[in-house]
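1. Got a sequence here, can you model it:
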Amino acid sequence: MASSTKPIATTNEVIESAVIRAPLSHVWHFIKLPAFDSFWSAISKSEHVKGVSDETDVVKWTFKDGNVVEVKQDEHSNLDHFITYSTINAEPELTYSGVVSTIRCWAVTSGEFENSTFVRWTSKFSSDADLGVIEDAKYKRQDALEDLAAAATKMYNASK
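-> Residues are numbered from 1 along each chain as shown. Here you go, the predicted structure:
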């Protein structure tokens, strides 16, 4: 009898990055959980979840494929330009225990990419996430970074 096994991930972390040809202020403008639908084309709606807690920001992302994910903002810094969030609920239910993601932005201040922004998006998955989950997350973050670049560049060009 053959057993059905899922491919085992050798890492539980996804790290994607991009240089966006727009100043930090134009990129950072979009890095707020309720604003993800203003740049990420995979999300059709982004909204605050009311009544969770006075001290917790929870946002529900409705994706165009019908999936719904609730994320909790764990940390946000306008000084160091990063946001950390965790997935707390999903429909359909996740096949793994959890994921914590951080998006961090840095201004590029000199050289060929001066006046651009370096963006790094990391996601650390629980150990029960399989290879398919890790690969899917990688491609989704690459697509989201492309969308972020397009939105920030459009905003920057409109401001010139």
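
2. which residues of this protein fall in strands?
-> Per DSSP state E, the chain carries strands over the ranges 13-20, 43-48, 58-63, 68-77, 82-91, 99-108, 116-125.

3. In the protein, where's the longest helix?
-> For the chain, the helix that runs over the most residues, judged by DSSP state H, is helix 131-159.

4. Ser123 versus the residue nearest to Asp128 when sequence neighbours are not counted, what's the distance?
-> With C-beta to C-beta, 6 or more residues apart in numbering as the criterion, Asp128 has its nearest non-adjacent residue at 4.8 Å, and that residue is Tyr96. All C-beta atoms are positioned from the backbone trio N, CA, C, and that covers glycine. For Tyr96, the distance to Ser123 (C-beta to C-beta, to the nearest Å) stands at 11 Å.

5. repeat for Ser116
-> From Ser116 across to Ser123, the span is 23 Å (C-beta to C-beta).

6. Over to Asp143?
-> Separation of Asp143 from Ser123 (C-beta to C-beta): 14 Å.

7. The two: who's more crowded?
-> Neighbour tally, Asp143 and Ser123, criterion other C-beta atoms under 10 Å: the higher count belongs to Ser123, 24 against 14.

8. Tell me what that one is bridged to.
-> Under DSSP bridges, the beta-bridge partners of Ser123 are Val14, Ser101.

9. per-residue confidence at it?
-> In the prediction, the pLDDT value recorded for Ser123 is 97.

10. again, but for Asp130
-> So Asp130 comes in at 91 (pLDDT).

11. now Thr56
-> In this prediction, Thr56 carries a pLDDT score of 82.

12. Contacts only, for it.
-> Remark: with contacts taken as C-beta atoms under 8 Å, 6 or more residues apart in numbering, Thr56 is in contact with 72-73.
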